[in-house]
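Undergrad: Dropping a prediction and its sequence here:
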Amino acid sequence: MRFQVQFTLAIRSFDRKRAAFLSKKLTLPFVPFVGLQLVEPSGNSEPVISVAWSDETRTFHCHIDAIQAQMPQGCELDLDYLIESARENGWEGAAKIYDLAA
């Protein structure tokens with residue numbers, strides 16, 4: 001059996017004041033579950049934090065949250081880098097970075 005899954009990815013800034021949102025459709029050979037990580041060319045995704053079923057579309061909806069990492073000595077993997085990395089792994093969207101501080 002195959003299962004249609006719509007993944008959404010929220011990439012948030014380290015201070016959680018800005019975010020970008022992306023999506024990806026996949027077909028899985030199993031029911032998705034909380035904690036599932038996608039193995040992608042640039043490494044594993046963060047774990048799925050929620051799973052929902054849409055009876056109307058016969059699709060599972062999974063959400064992944066990613067936080068911008070602060071590295072030693074103040075270096076950061078900025079949102080632009082993380083968005084570009086996600087796009088290289090087949091994610092779509094993030095045409096805008098949203099300001100969540102308002």
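TA: Perfect, thanks for sending it.
Undergrad: Please name the strands paired to the lowest-mean-pLDDT helix or strand in the chain in the sheet, noting orientation.
TA: Taking mean pLDDT, DSSP states H and E as the measure, the helix or strand of the chain with the lowest value is strand 43-44, at a mean of 76. Applying DSSP bridges, strand 43-44 is found paired with strand 39-40 (antiparallel).
Undergrad: quick one, helices of this structure?
TA: Chain-ordered helices for the chain, with DSSP state H as the definition, fall at 79-88.
Undergrad: What ranges in it fall below the confidence cut-off?
TA: Low-confidence regions of the chain, defined by pLDDT under 70, span residues 69-77, 102.
Undergrad: make it 80
TA: The model of the chain has pLDDT under 80 over residues 42-44, 67-78, 101-102.
Undergrad: Identify the bridge partners of the most centrally placed residue in it.
TA: What sits nearest the mean C-alpha location of the chain, by Cα atoms, centre = their mean, is Leu9, with 2.2 Å. Assessed by DSSP bridges, Leu9 has beta-bridge partners Leu22, Ile64.
Undergrad: Is it correct that it is in contact with Ile64?
TA: Yes - taking Cβ atoms under 8 Å as the definition, Leu9 is a contact partner of Ile64 at 4.8 Å. Placement of C-beta: from N, CA and C, glycine included.
Undergrad: Between the two, which contacts overlap?
TA: Shared between the contact lists of Leu9 and Ile64 (criterion: Cβ atoms under 8 Å, 6 or more residues apart in numbering) are residues Ser45.
Undergrad: Could you check how many residues crowd around Trp53?
TA: The number of residues packed around Trp53, counting by other Cβ atoms under 10 Å, is 13.
Undergrad: typo on my end, it should be Gln4
TA: 14.
Undergrad: if I look at it, how far off is Pro32?
TA: Taking Cβ to Cβ, to the nearest Å as the measure, Gln4 falls 10 Å from Pro32.
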